[in-house]
Structure formats: structure tokens, C-alpha cells
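Enquirer: sequence-free structure coming up:
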Ligand SMILES: NC(=O)c1ccc[n+]([C@@H]2O[C@H](COP(=O)([O-])OP(=O)(O)OC[C@H]3O[C@@H](n4cnc5c(N)ncnc54)[C@H](O)[C@@H]3O)[C@@H](O)[C@H]2O)c1
């Protein structure tokens, strides 16, 4: 006897239901016993162009968490590209493991072969847990990689451009919230001072902001605090600080039902992807509390702009101009959000969705 199952019910553990929920185009599971590789590549949408997205290496609690992460991140990439006016689709990859302990040249190159099998439908670059050296290993197996170091023909670190875009989004948020975009004298809590966070601290300190920093990496904290004259705070106290701006620059979902109650800031603007644990619920809660949220996929698009620069060869000046344009787009989003009485996140999503729908139609008619 076959067991029957309600066709329309959504099974939280079903890979197919998860793919269908956010309309993912393709998900590839990569496994290799010899190197210990366990990775997932998710391609969300390719209407605008080939899916692009970093490869993250992280010690996930379990495989389901890794799948959820890659599905959310790849979807975010689709919207990031759409709202920035770039012609890329959304994709992302995650390698399950500790990047300090489990990474090897063979593992990365084996993973690269899975990317190569996709024939250019997915192009990758650096993310948390991967670096320029890893991109060089990937380049040995496939041409579908960017984010290479300057010495190997790339544009180097995406951190400075990403941080500049976040800084622009933060200034636009200040303009919206306080009528003036100066961050001089404002207090900012930067959570995570890695590639992006450190540059953000620099831009803020150069403008005269008071900057608080937290990170899991004690050595890095001491280094950044000394270099930029920033104030170290313990990790678990970052949400309780009485600051003007909270800048999440570590991992996602830090704005959730527990932390929102503790926040005293007026603005949230940072580089981390998927900052809102639940985009609808937490976006609405922030709106009602009068905390202005600068949509993550918009203001952290500097990394994508940097990668676009490497592919198209537009040069440093034009790259920084594109990152600077995040200021104007962020203000437009806040205007739309006010006019339509929707959260800034949904306002940004509407614009991104519309561009994708328009281009899909254009391509269907040609
Ligand atoms: N690099 C880019 O160009 C780029 C572009 C867009 C978005 N992002 C996103 O911005 C974030 C930061 O990127 P990055 O390139 O700086 O990464 P990174 O790995 O260089 O830095 C992340 C830092 O956060 C710290 N961290 C991790 N968990 C933490 C926690 N719970 N509390 C405090 N600190 C914690 C890490 O120790 C590390 O120093 C990531 O979410 C990334 O996806 C990065």
C-alpha cells in the first residue's frame, strides 16, 4: 500500500517545498568523500543574468541550517542585483565546515568543479570563511569566479567598496531620521569588524563618530580598537548600548524578537545579509518603534558592485561612484516606504521585483 500525503501541505523538512517557497531555480548538493566536501549551491533567479554570489564556509549546526542559509542568501542576491541596476541573477554557495580547520586546496578545487559543471549559470566570489587564495584555487578549475587578488588580475578586497556603500546608506538614513546626513558626533555600534566592519569603522571615525565595536575575535578587536580609536564592548552587550545607530556587520538574523526589545538606537544600517530574522514581523516591529531600517540587500550592494567592476573593468573611480549612488536609492526607498505606508524592506523589495518582472517580460517578447 502507498501512503498518500496532502499534496498542498508545506513540509518544513522538504527540500522541494523550501525551493518552491522562495521560487528557487536550481539547488545543487555537492559531496566528495575524499576531501570531506559537503556544499550546497543555490541559484534563485537568472532573469537579469548569470547568478552571482559568494561562497561561504561556516560550521553550521546541521545541514538544514546550511540549506536555509543558502536559500535566503541566494534570494537576497537576486534583489541586490535588481535594485542596484546590475544585470546579474541571484545565487550563493555554502560549504559546511570550519574554515580554519576543515579547508584544504583539494576541497576547494573539488568544490570548484561543481561550479564548472553549471557552465556559467553561477559565478562565485569571496564570502565569510573564504578568501582571495581560495578564489585562486577555484580559478584553477573553472573560469566562473571573481574576487581574485589584484596580483592575479582581480580587484582585490570587496570590503572597502562594501563598507563605503553601507556608509552611504547610513548617511542617507541619518538624513531621513534627523534631517541632516552628518554622522559627526553620532554614536555607532558596529557588530563584527571583519573585512567590511573595519572599513566602516574607519569611515565613521574619519567623520568624527563615536564608534563601539564587538567581535568574537579578541585579537582583531584589540587591533581595530587601537588602529581607529574605537571602544570595545562585550558581545552580549552590543544590543543594550544607548547609541544612535546599530550596524550589524557579522552574520544574519541579529534583529529578532529578543534583540529588538533591547535596542535603543534610531537607525539600523549594516553590511550583514538577512539582518531581520523575519522580514515581515521584525520589519513591521521596527517601523512601529520608529527605528529606521536601511534594507540590507540595498546598502550592502557594494560587494556586488566591486565584483561587477572586476568583470566589466569599469575602474576604481566609477566603482566608487556606483557605491555612492546607494545614498540616493536609499532616500528613494524611504520616500516610497512613507508614501505607501510600508516598511523600507518591502519598499525596496517592490522596486527589485518590478525590475525583474519588467525584464522577464522584455526577454519573453524578444
Ligand atoms: N565582504 C563583502 O563585500 C560583503 C558584501 C555584502 C555583505 N557582506 C556581509 O557582511 C558581513 C561581514 O562580511 P565580512 O566580509 O566583513 O566578513 P568577515 O568574515 O571578514 O567578518 C565577519 C566578522 O564578524 C565576526 N563575528 C561573527 N559572529 C559574530 C558575533 N556573533 N558577534 C560579533 N562578531 C561576530 C567575525 O569574527 C568576523 O571578524 C557578512 O554577513 C557578509 O555576508 C559582506
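Expert: Yes, it's here. Keep in mind the model is a prediction, meaning the values are calculated, not measured.

Enquirer: Skip the chain neighbours and tell me the closest residue to residue 319.
Expert: Sequence neighbours aside, residue 309 is the residue nearest to residue 319 in space, at 4.1 Å (criterion: C-beta to C-beta, 6 or more residues apart in numbering). All C-beta spots, glycine's among them, are computed from the backbone N, C-alpha and C.

Enquirer: sec struct for that neighbour, please.
Expert: Put simply, residue 309 is helix when judged by DSSP: H, G, I helix; E, B strand; the rest coil.

Enquirer: how about it, what does it touch?
Expert: Neighbour list for residue 309: 155, 161, 315-316, 318-319, 322 [criterion: C-beta atoms under 8 Å, 6 or more residues apart in numbering].

Enquirer: Give me the neighbour count for the residue in the chain that the ligand sits nearest to.
Expert: Relative to the ligand, the nearest point of the chain is residue 194 (1.8 Å; C-beta to the nearest ligand atom). Using other C-beta atoms under 10 Å, residue 194 has 16 other residues around it.

Enquirer: Over to residue 316?
Expert: For residue 316, the neighbour count with other C-beta under 10 Å is 12.

Enquirer: show me what contacts it?
Expert: Contact partners of residue 316, counting by C-beta under 8 Å, 6+ apart, are residue 309.

Enquirer: per-residue confidence for it?
Expert: With respect to pLDDT, residue 316 has a value of 90.

Enquirer: Is it within a helix or a strand, and which one?
Expert: Using DSSP states H and E, residue 316 maps to helix 315-324.

Enquirer: Next secondary structure element downstream of that helix?
Expert: The helix or strand immediately downstream of helix 315-324 is helix 326-340, counting by DSSP H and E.

Enquirer: so what does that following helix touch, helix or strand wise?
Expert: helix 63-84, helix 159-178, helix 296-299, helix 344-364 (3 or more C-beta pairs under 8 Å, 6 or more residues apart in numbering; DSSP states H and E).

Enquirer: Counting neighbours, what do you get for residue 365?
Expert: Residues lying near residue 365 (other C-beta under 10 Å) number 6.

Enquirer: Kindly apply the preceding question to residue 336 instead.
Expert: The local packing of residue 336 (other C-beta under 10 Å) involves 16 other residues.

Enquirer: next one: residue 59
Expert: Per other C-beta under 10 Å, the neighbour tally for residue 59 reads 13.

Enquirer: same thing with residue 281?
Expert: 13.

Enquirer: Please give me every residue in contact with it.
Expert: residue 257.

Enquirer: isn't the residue of the chain closest to the ligand right next to residue 270, touching?
Expert: No - the pair residue 194 / residue 270 is not scored as a contact, 11.9 Å apart, by C-beta atoms under 8 Å.

Enquirer: what touches both of those two?
Expert: Residues within reach of residue 194 and of residue 270 at once, by C-beta under 8 Å, 6+ apart, are residue 249.

Enquirer: could I get the helices and strands packed on helix 326-340 as JSON lines with mean pLDDT, mean neighbour count and distance to the ligand?
Expert: Output for these, formatted as JSON lines (pLDDT from 0 to 100; neighbours: other C-beta atoms under 10 Å; distance: least, C-beta to the nearest ligand atom, whole Å):
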{"stretch": "helix 63-84", "mean pLDDT": "95", "mean neighbour count": "22", "distance to the ligand": "8"}
{"stretch": "helix 159-178", "mean pLDDT": "97", "mean neighbour count": "24", "distance to the ligand": "3"}
{"stretch": "helix 296-299", "mean pLDDT": "97", "mean neighbour count": "27", "distance to the ligand": "8"}
{"stretch": "helix 344-364", "mean pLDDT": "96", "mean neighbour count": "17", "distance to the ligand": "15"}
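
Enquirer: how about the ones you listed in TSV, adding distance to residue 198?
Expert: Formatted as TSV, the helices and strands packed on helix 326-340 follow (distance: least, C-beta to C-beta, whole Å):
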stretch	distance to residue 198
helix 63-84	22
helix 159-178	7
helix 296-299	17
helix 344-364	26
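
Enquirer: Residue ranges in the stretch 1-150 of the chain under the pLDDT threshold?
Expert: 1-12 (pLDDT under 70).

Enquirer: contacting residues for residue 90?
Expert: 43-45, 51-53, 74-81.

Enquirer: Look up phi and psi at it.
Expert: Per-residue torsions, residue 90: phi -110, psi 130 (degrees, to the nearest 10).

Enquirer: rewinding a little: how about the nearest residue to the residue of the chain closest to the ligand, chain neighbours excluded?
Expert: residue 249 (7.1 Å).

Enquirer: Can you report how many residues lie near the one you found?
Expert: Per other C-beta under 10 Å, the neighbour tally for residue 249 reads 29.

Enquirer: Please apply the same query to the one 10 residues further on.
Expert: The burial count assigned to residue 259 is 17, neighbours taken as other C-beta under 10 Å.
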